[in-house]
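Asker: 3D model of this:
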Amino acid sequence: MTPYITYRIFESREEAAAMQELLSKNGIPNTMEEGKAIFDTPIVGAMNIQHYFVKIPQDQFLAANALLEAAIDLNTLEVEDDYYLLSFTNAELLDLVKKKDEWGEFDYALAKKLLAERGISLGDAELKEMHEDRLQELKKTEVPEVDYIWGGYIAAVLNTVGGAGIGLYLLSAYRKLPDGTIAYKFDKDARRHGLFILILSIGVVLGHMAYCLYQSIPFSPTKVIFFGFGDRFF
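Answerer: Prediction:
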């Protein structure tokens, strides 16, 4: 069974419910989960935002994307005179179309309409090629700076929490692709360093805990076993 993963995040239940209704009417299975607010105190009211996660099967992402694009009628699409996309150059609009994963469906549809009005009509084959190029671009892994990796090793020894954080980030950071799949952000070597940094951080913590425990117990098992070697070993 294909797992359900987050497709869209909303700040109101009504918006999430509207998305669910659209998906359900078009045969795309979905579910909604209510996320807890980041801060649940009256002191930080502005940050106390509730989120609603609409989830669908990973293999339905492309169908859902096509559905949302088709829901926007280009013939009746109207914008205000000062809408920011109107000042975009052709190159900027083409870049927006290629990187539609960074923009909303409305801006994507408007960008195509503006290009068509300027004499640049994009066919299905051209759009498919642009989107495939974008997908390959997103799949490319990054190589972190050497200083960042060495900083992780140093932090693992001097500041284990920071070291563990760096190691975990290098090991598990990923991007969600438009088709719902994920791609690791960093290359294999960087992820391997992340694993080593994480293990080193945990090892330092465990070593420190063992040392403190050893010092706090008058007759530790180690002392009992090796008592014959004398105090010089302890």
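
Asker: So what's the predicted local confidence for residue 46?
Answerer: For residue 46, the model assigns a pLDDT of 42.

Asker: wait, I meant residue 121
Answerer: 87.

Asker: give the contact list for it.
Answerer: residue 115 (C-beta atoms under 8 Å, 6 or more residues apart in numbering). Quick note: C-beta positions are derived from backbone N, CA and C, even for glycine.

Asker: Next, it: secondary structure please.
Answerer: coil (DSSP: H, G, I helix; E, B strand; the rest coil).

Asker: Quick one: the helices in this protein, in order.
Answerer: Here the chain has its helices, by DSSP state H, at 13-25, 61-70, 90-98, 105-117, 124-139, 146-158, 160-172, 188-216, 221-225.

Asker: Just send those back as CSV, with mean pLDDT too.
Answerer: Below are the helices of the chain laid out as CSV (pLDDT from 0 to 100):
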stretch, mean pLDDT
helix 13-25, 93
helix 61-70, 90
helix 90-98, 94
helix 105-117, 90
helix 124-139, 90
helix 146-158, 93
helix 160-172, 93
helix 188-216, 89
helix 221-225, 54
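
Asker: Which of those helices sits closest to residue 76?
Answerer: Of all those, the one in closest proximity to residue 76, counting by C-beta to C-beta, is helix 105-117 (10.9 Å).

Asker: ok, and what's touching that closest one?
Answerer: 68-69, 71-72, 74, 77, 79, 83, 85-86, 88, 90, 93-94, 96-97, 100, 103, 121-122.

Asker: follow-up on the earlier one: out of the helices of the chain, which comes closest to residue 53?
Answerer: Closest approach to residue 53 among the helices of the chain (C-beta to C-beta): helix 13-25, 7.8 Å.

Asker: can I get the CA coordinates of that closest one in CSV?
Answerer: Taking only C-alpha atoms (Å, rounded to 0.1, in the frame of the first residue of the first chain), the coordinates of helix 13-25 have been written out as CSV:
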residue,chain,number,x,y,z
ARG,A,13,-9.5,23.9,8.4
GLU,A,14,-11.8,25.4,5.8
GLU,A,15,-9.0,25.7,3.2
ALA,A,16,-7.9,22.1,4.0
ALA,A,17,-11.5,20.9,3.7
ALA,A,18,-11.9,22.6,0.3
MET,A,19,-8.7,20.9,-1.0
GLN,A,20,-10.0,17.6,0.3
GLU,A,21,-13.3,18.1,-1.5
LEU,A,22,-11.6,18.9,-4.8
LEU,A,23,-9.4,15.8,-4.5
SER,A,24,-12.2,13.5,-3.5
LYS,A,25,-14.4,14.7,-6.4
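
Asker: Got a ChimeraX select line for the buried ones in the contacts of helix 105-117?
Answerer: The ChimeraX selection below is limited to those of the contacts of helix 105-117 classed as buried (16 or more other C-beta atoms under 10 Å):
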select :68,72,85,88,93,94,96,97,100
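
Asker: Do I have it right that residue 118 meets residue 90?
Answerer: Yes - between residue 118 and residue 90 there is a contact at 6.1 Å, judged by C-beta atoms under 8 Å.

Asker: So what's the gap between stretch 122-136 and the chain middle?
Answerer: Between the centre of stretch 122-136 and the centre of its chain there are 23 Å (C-alpha atoms, centre = their mean, to the nearest Å).
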